[in-house]
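**Q** Sequence first, predicted coordinates after that:
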Amino acid sequence: METKISPRYTDMITRSLKRRHRKETCLRFFGLTSILFGLAFLVILLGNIANNGLSALLQTYVELEVTVPDSALLDAEGKVSEEVAFDTNWDGLVKKGLRAKFPDASGMRERRALDQLVSANAGFDFKTRILHNPELLNQPLTVWFKTSDEVDQYVKGNMNVSVDESQRRLSDQQLAWIDELAASGLLERRFNTSFFTQADSREPESAGILGAAMGSAMAILVMLVLTLPLAVMSAIYLEYFAKPGRVTDFIEVNINNLAAVPSIVFGLLGLAVFLNFFQMPRSAPLVGGMVLSLMTLPTIIIASRAAIRAVPSSIRDAALGLGASNMQAALDHVLPMAMPGVLTGTIIGVAQALGESAPLLMIGMVAFIVDVPTTVTDPATVMPVQIFIWSNSAERAFYEKASLAILFLVLFLIVMNLTAVLLRRHFERHH
Amino acid sequence: MEKYPNKMTVCDVSVHYGDKRALGGVSLDIPENQIIALIGASGCGKSTFLRCLNRMNDEISGCRVAGEILLDEQNIYAQNVDPVLMRARVGMVFQKPNPFPKSIFDNIAFGPRIHEITQSEAELKDIVHSALERVGMIDEVKNRLGDSAIGLSSGQQQRICIARAVAIAPEGVLMDEPCSALDPIATAKIEGLIEALAADYTIVIVTHSMQQAARISQRSAFFHLGELIEVDGTSKIFTSPNDPRTENYITGRFG
Ligand SMILES: Nc1ncnc2c1ncn2[C@@H]1O[C@H](COP(=O)(O)OP(=O)(O)OP(=O)(O)O)[C@@H](O)[C@H]1O
Ligand SMILES: [Mg+2]
């Protein structure tokens, strides 16, 4: 009997196996396709942004000859004086250097057109430089000055010169000058260090990301300091201490609901509570971090609870069986084992917070701020808001900057994720 | 049979999980420095009963315990009793070896540390060493106390768990099928260890192995469907039980 039946089953299984294998191949194909699809879009997106933004790493400079007289910096006693430097017309010095290259330029309008070729901040940058190097006084200097953003865009080929003169930001005369400068090797594209050392500016060539990056970093730091302990403690409480019942259910439902609340609502809450009621400083990373922590708290609590629940109960039993209190069992044994999961949740929260702009707009982190913040109460903006501001600006040069800032933000995220992966490995290895 | 003073006395204990009764009206004496074996078919409430003895049931939501359990004449379910203290006085060893994912040393030092038994590192070392000595492992692991306990064999892990329990010198040790995950050699080692421990501790052990119960215990208690059917000297239970259900179970006719 048995020997008769088994070959028949084998046949059926063989037949069904074929079908199952076909299904599996299909599924694998779909899976692979969707992954490739996703990857392709990522590459296109990043490639496009990089294509737009990487050119902002370079800035066009013009070489001019300038001589700074003693009187520009030294007071009557011959000492370096900031006050004297403040009164000096540094822009004039730079312009003089430029006019020396084009002695033919005459008349108010033509001269002004010529002046527009160098950055409006060139004089200020020059002053800072001379103040730090007073030995450069009273001698002919060859100095590389930033050109204005229009010149920069033209040199980079980002300006459409085929349209009528009135339709573009540089006149034919100005273009001729630029070409002449370029021909005599006085224009050079150099690495734009100030993008990484300065905050926002009205002039695209002087605008930098550091202010926004610091704002973001501080806000995230505040958020982490506030959220992580709170979230972990809440998760432990809910898992191990809360008596099951209506109140616990109510809290649970509300945490889940909070995770789904649109982020702008947290901004409104921050505005009403932190700014209006507690009179905390506007535009400050401190308040930004607090708002972000309200926003990410539910996410991290939920992730932490899942991580804690995934720790085998035998570990907790072992600790309790030795007479450990609930808290000791949780903190000494369960939490370290749950840490990788908690960190994963935290990373998701941080990534979410790092890209968030809406709630921060509500508390004034959208202001135009030219100083790099040094404390959490200084006014600041954050990277996504900075990107938003720049991409809204009229100048083509800001658009380029926005793209570079996006790349910078992505880099920031990659570094953060990497740190998290390393941390997680560290915890996994030790537990 | 020699008369031992009772370490624990269980009076009419019932346990409910939610509305479901898991254990009803159990009364039992647990003599000091003896090994008592709990036997019975799967699901009859042995583990439930064992967990009552050091209030581990408190941690299971929905579990209610009624009745009295006296440890040295004190009701451990009285209002003013701290369950954490009860668990320190009556330790527990589980079915599956569950060492902490930490070093061997830290595993055994955990109890003395949380109970602040000693402040000095040297004394702590002594405690760890003597606990390892008690379970006969000191020579095996002397040179690798810093290694993770997870890297040990399961028999070694179970002995670490026993050493961890005895490191805080409890009065009783509860063991829930401590050998069920082990091979015969590791089982033999642990059985020898349990017998040696009985000199200092009162031991309650749950086991599915009749031979094991017969080999190591002085008294045996037979549970059936949430009730204690019979408790007596082990030799009496295994040779001439009073209740036919006990006899059926022991001779393997059901269960
Ligand atoms: N945490 C729990 N929640 C609800 N019911 C439980 C719980 N633990 C045990 N029970 C129930 O209580 C009864 C006794 O279970 P217990 O674990 O004490 O049996 P046992 O004798 O130890 O069985 P085994 O020999 O298989 O370990 C069973 O019917 C079981 O379904
Ligand atoms: Mg059991």
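**A** Cool, got the structure. This structure is a prediction, so every number in the text was calculated from the model and none was measured. Ligands and ions are numbered 1, 2, ... in the order given.

**Q** Could you check how far the residue in the stretch 251-400 of chain A positioned nearest to chain B is from residue A:347?
**A** Going by CB to the nearest CB, chain B is nearest to residue A:323 of the stretch 251-400 of chain A, at 2.9 Å. (Glycine included, C-beta is placed from N, CA and C.) Distance, residue A:323 to residue A:347, using CB to CB, to the nearest Å: 36 Å.

**Q** Just the CA coordinates for stretch A:51-69, please, in CSV.
**A** Output of stretch A:51-69 as CSV, limited to C-alpha atoms (Å, rounded to 0.1, in the frame of the first residue of the first chain):
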residue,chain,number,x,y,z
ASN,A,51,25.2,68.5,-11.3
ASN,A,52,23.5,71.7,-10.2
GLY,A,53,25.3,72.1,-7.0
LEU,A,54,28.8,70.9,-7.3
SER,A,55,29.8,74.0,-9.3
ALA,A,56,29.1,76.1,-6.2
LEU,A,57,32.1,74.5,-4.6
LEU,A,58,34.1,76.8,-6.9
GLN,A,59,33.9,80.6,-6.9
THR,A,60,35.4,82.9,-9.6
TYR,A,61,38.0,85.3,-8.3
VAL,A,62,39.7,88.3,-10.0
GLU,A,63,43.3,89.3,-9.5
LEU,A,64,43.8,93.0,-8.8
GLU,A,65,46.7,95.2,-7.7
VAL,A,66,46.0,97.3,-4.6
THR,A,67,48.1,99.3,-2.3
VAL,A,68,46.8,100.0,1.1
PRO,A,69,48.1,103.3,2.6
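
**Q** sec struct for the residue nearest to residue A:341 when sequence neighbours are not counted, please.
**A** What sits nearest to residue A:341 in space, not counting adjacent residues and going by CB to CB, 6 or more residues apart in numbering or on different chains, is residue A:307, at 2.5 Å. Three-state assignment for residue A:307 (DSSP: H, G, I helix; E, B strand; the rest coil): helix.

**Q** do you know how far residue A:307 is from ligand 1?
**A** According to CB to the nearest ligand atom, to the nearest Å, residue A:307 and ligand 1 sit 22 Å apart.

**Q** just residue A:95 next, same as before
**A** Residue A:95 is 85 Å from ligand 1, where distance means CB to the nearest ligand atom.

**Q** right, and that residue touches residue A:116 too?
**A** No. With contact defined as CB atoms under 8 Å, residue A:95 and residue A:116 do not form a contacting pair (10.0 Å).

**Q** Show the pLDDT at residue A:124.
**A** For residue A:124, the pLDDT comes out at 89.

**Q** Run through who's touching the helix or strand harbouring it.
**A** Using DSSP states H and E, residue A:124 sits in helix A:122-132. Residues from elsewhere that reach helix A:122-132 (CB atoms under 8 Å, 6 or more residues apart in numbering or on different chains): A:66, A:68, A:72-73, A:80, A:82, A:85, A:88-94, A:119, A:136-137, A:143, A:145-146, A:206.

**Q** And the next helix or strand past it?
**A** Using DSSP H and E, the helix or strand that follows helix A:122-132 in sequence is strand A:140-146.

**Q** So which elements touch the helix or strand following that next one?
**A** Using DSSP H and E, the helix or strand that directly follows strand A:140-146 along the chain is helix A:149-155. Under the contact criterion of 3 or more CB pairs under 8 Å, 6 or more residues apart in numbering or on different chains; DSSP states H and E, helix A:149-155 touches strand A:58-67, helix A:172-183, helix A:396-430.

**Q** For residue B:141, give me its contacts.
**A** By CB under 8 Å, 6+ apart, residue B:141 lies in contact with B:104, B:132, B:147, B:152, B:156.

**Q** could you redo the last one with a cut-off of 6 Å?
**A** Counting by CB atoms under 6 Å, 6 or more residues apart in numbering or on different chains, residue B:141 touches residue B:104.

**Q** For it, pull up the helix or strand it's in.
**A** Using DSSP H and E, residue B:141 falls within helix B:138-141.

**Q** tally of neighbours for residue 205?
**A** The chain I'm using is chain A. Other residues lying near residue A:205 total 29 when counted by other CB atoms under 10 Å in any protein chain shown.

**Q** could you do chain B instead?
**A** Close neighbours of residue B:205, defined as other CB under 10 Å, add up to 26.

**Q** Ok, the one 10 residues further on next?
**A** Neighbouring residues of residue B:215 were enumerated by other CB under 10 Å; the total is 17.

**Q** mind checking the backbone torsions on residue B:205?
**A** Main-chain dihedrals, residue B:205, degrees, to the nearest 10: phi -130, psi 130.

**Q** How much space separates it from residue A:167?
**A** For residue B:205, the distance to residue A:167 - CB to CB - is 94 Å.

**Q** swap in residue B:115?
**A** Plainly put, residue B:115 is 84 Å away from residue A:167 if you go by CB to CB.

**Q** more neighbours, those two?
**A** Counted by other CB under 10 Å, residue B:115 and residue A:167 do not tie: residue B:115 has more neighbours, with 17 against 8.

**Q** hmm, who's touching stretch B:23-36?
**A** For stretch B:23-36, the surrounding residues in contact (CB under 6 Å, 6+ apart) are B:4-15, B:45, B:48-49, B:198, B:202-204, B:216-219, B:226-228, B:231.

**Q** Alright, I will stop here.
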